[in-house]
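> Below is the sequence, then the predicted model.
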Amino acid sequence: GYSQHFSAPYWQQGVVNGSSRGVPDVAMIASPSTPVYVVMKGNIYDVGGTSLGTPMWAAIVAMMDQFNNRSMGNVNPLLYQIHNSSAYTGSFNQITSGDNGYYSAEPGWNPVTGLGTPHVSNLINCSRQLIQGYYSSVVFNGSGYDSSEISASLSVNYNNSLAPYKGGFYYYLQYFSSL
């Protein structure tokens, strides 16, 4: 559906109809009528819905992290960049039939199944192709400083041959602290 509280983030512009945040972003096994059977301590359980889909997506992103040797951070911009590329049909299974009582599924992003379900290995391989040249990291080790403050200057260079997202460049900075 569409949020009544949040506007569409930049990565959904041109993909989601309207100016509101479209949800869901992606789909996964969710129906109680098609559960996955899990064996825990000798007992068999039927698992479905977000109790199954969310950990599966977390595992996919963890595999992306490992494959790309970096934290992918918020993967939503990447997933929508894949949607806007020729790699979309190989990276996602588009769900084009069914409904949620309010909206109907259709090709591309839709308010029932988002971008679709992942073709995991293709999606992970595509993530590397799309981020090559986009990410760099700098690590400051604060243990040698007698202060709780570190100042730094950041200069960002870009390669014109890299395809910008919707005509602009976006920079994502992450801060990690072990304190």
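Received it, and whenever you're ready, just let me know what you need. Just so it is clear, the model here is predicted, and its values are computed rather than measured.
> For the longest helix along the chain, C-alpha coordinates in PDB please.
If you go by DSSP state H, the chain has its longest helix at helix 50-68. Below are the C-alpha coordinates for helix 50-68, written out as PDB (Å, rounded to 0.1, in the frame of the first residue of the first chain):
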ATOM      1  CA  THR A  50       7.100 -12.100   8.300                       C
ATOM      2  CA  SER A  51       8.400 -14.700  10.800                       C
ATOM      3  CA  LEU A  52      10.000 -16.500   7.900                       C
ATOM      4  CA  GLY A  53      10.400 -13.800   5.300                       C
ATOM      5  CA  THR A  54      12.200 -11.200   7.400                       C
ATOM      6  CA  PRO A  55      15.000 -13.600   8.600                       C
ATOM      7  CA  MET A  56      15.400 -14.800   5.000                       C
ATOM      8  CA  TRP A  57      15.900 -11.300   3.700                       C
ATOM      9  CA  ALA A  58      18.300 -10.600   6.500                       C
ATOM     10  CA  ALA A  59      20.300 -13.700   5.400                       C
ATOM     11  CA  ILE A  60      20.300 -12.500   1.800                       C
ATOM     12  CA  VAL A  61      21.700  -9.100   2.800                       C
ATOM     13  CA  ALA A  62      24.300 -10.800   5.000                       C
ATOM     14  CA  MET A  63      25.300 -12.900   2.000                       C
ATOM     15  CA  MET A  64      25.600  -9.600   0.000                       C
ATOM     16  CA  ASP A  65      27.800  -8.100   2.800                       C
ATOM     17  CA  GLN A  66      30.000 -11.200   2.700                       C
ATOM     18  CA  PHE A  67      30.100 -11.400  -1.200                       C
ATOM     19  CA  ASN A  68      31.000  -7.700  -1.500                       C
END
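> Counting by contacts, list what that helix packs against.
Where contact means 3 or more CB pairs under 8 Å, 6 or more residues apart in numbering; DSSP states H and E, helix 50-68 is packed against helix 120-131. Where C-beta positions appear, they are placed from N, C-alpha and C, glycine not excepted.
> Now the helix it packs on: buried residues?
Judged by neighbour count using 16 or more other CB atoms under 10 Å, the buried positions of helix 120-131 are Leu123, Ile124, Asn125, Cys126, Ser127, Leu130.
> Can you name every helix or strand that that helix contacts?
When contacts are defined as 3+ CB pairs under 8 Å, 6+ apart, helix 120-131 packs onto helix 50-68, helix 76-83, helix 88-91.
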